[in-house]
Every structure is written in structure tokens, then in C-alpha cells.
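Q: my questions concern the predicted model and sequence given below.
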Amino acid sequence: MERGFLLLTLSVITTKIRSMNPKRQHPPQAANECDASASAAAGGAAQEAFLNVLKTADVLQNELAGVLKPGELSPTQYNVLRILRGAGAGGMPCGHIAGRMLSHDPDITRLLDRLESRALIERFRDKADRRVVRAQITAAGKKLLGRLDEPVMALHERQLGHLGARDLKMLAGLLGRARERT
């Protein structure tokens, strides 16, 4: 449970950051190149923490995008496929997917269109309420996720495993507390 929560927490942060700067072309700087300590002197500890979260999230997000690249998925598309895999055989109403995503995507329909055009999901009318459109992951979508599960988990271990279980739990707790404020 802790590991899943941490992955979810970091994914939320990295996805939020990525949406703030989607056209970034240059490689991320090393963490020690971030001038957070100078910022702390100018703006305090909160600003230093903020800048470190942004920088770390950017590095983590870029590495995740690299792991997903062979599957030709964006982190947002990956998130949708995982949501639908977790929804089970009946799928999920398209409107509910947006509420479960790690980052806000204003055009969920187009995102689902792209996944459907690749036969990774399918959409259909709900039998009980024909006004509702449901989405369901296909066998091809499950197969793709299955191929990505281990590389993504290995990436998270490489990215954060060196912190140890105690520090990871503390990090997840602190990030959760930061989000609760908003």
C-alpha cells in the first residue's frame, strides 16, 4: 500500500509539473544545479521546498516518459489505461475517468480517441442508461500495460529505492500533507 501511495503521489506531482511546461526541450539539470539554497535565502524554506519538488518532479517525469516511449504512450495515456485496467470488465463511464486521473486533462474525449484509434480501449453505450458512454481496456491495452508494468516498477525503484522504506514513507506522508492544504 505504501509503495502504491508513493507512486501515486509522485505521479500526481510529476504530471502536474509536466502540464505546466509541456514544450520543454532541453534535458533536466542535475539536482545539485538547482539553486534552491539561494532561493531559500530570498524566499524562505517554503520556496526552497517548492523548487525542489518541481525540479525532482521534472526529472522523475522525464524518466517515466522515457520508459513509456517504446509503448508509444504518454504518461497521461498510461494513467488512463491503468485506470481502465483497474475498473474491470465493465469498464467505466468516460466522465468518471477524468475524475480519477492524476492530472486534469481538459480534453478527455480526444485522449480517449487516440487510445481507441490504437485499439487499446473501446467505448460503448451503457446498457442501463444509453446516455452514458463507457470505456473499457482491450486485450491489446492490457498486453501493453503488462509489458510496461515491470519496467515502470523498476524505474521507480531506481529513482527512489535508495531512500529506503522509512524515508519513502515519510516523503509520501509529507507530500500528502502538502496536497491536503490545497
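A: Received it, and whenever you're ready, just let me know what you need.

Q: residue 135 in helix, strand or coil?
A: Three-state assignment for residue 135 (DSSP: H, G, I helix; E, B strand; the rest coil): strand.

Q: quick check: bridge partners of it?
A: residue 92, residue 123 (DSSP bridges).

Q: what's it in contact with, if anything?
A: Residues counted as contacts of residue 135 (C-beta atoms under 8 Å, 6 or more residues apart in numbering) are 84, 91-94, 97, 112, 121-123. Glycine gets a C-beta too; all of them are placed from N, C-alpha and C.

Q: just for the protein, where's the confidence low?
A: 1-42, 182 (pLDDT under 70).

Q: which parts of it are helices?
A: Here the chain has its helices, by DSSP state H, at 2-20, 36-43, 45-68, 75-87, 94-100, 108-117, 139-160, 164-181.

Q: and residue 131, which of the ones you listed is closest to it?
A: Closest to residue 131 of the helices of the chain is helix 94-100 (C-beta to C-beta; 10.6 Å).

Q: can you tell me what sits against the closest one?
A: Helix 94-100 has contacts (C-beta under 8 Å, 6+ apart) with 80, 83-84, 92, 104-105, 108-109, 112, 123, 132-135.

Q: before we move on, the earlier item: type out the ChimeraX command that picks the buried ones from the contacts of residue 135.
A: A single ChimeraX command selects the buried members of these (16 or more other C-beta atoms under 10 Å):
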select :84,91,92,93,94,97,112,121,122
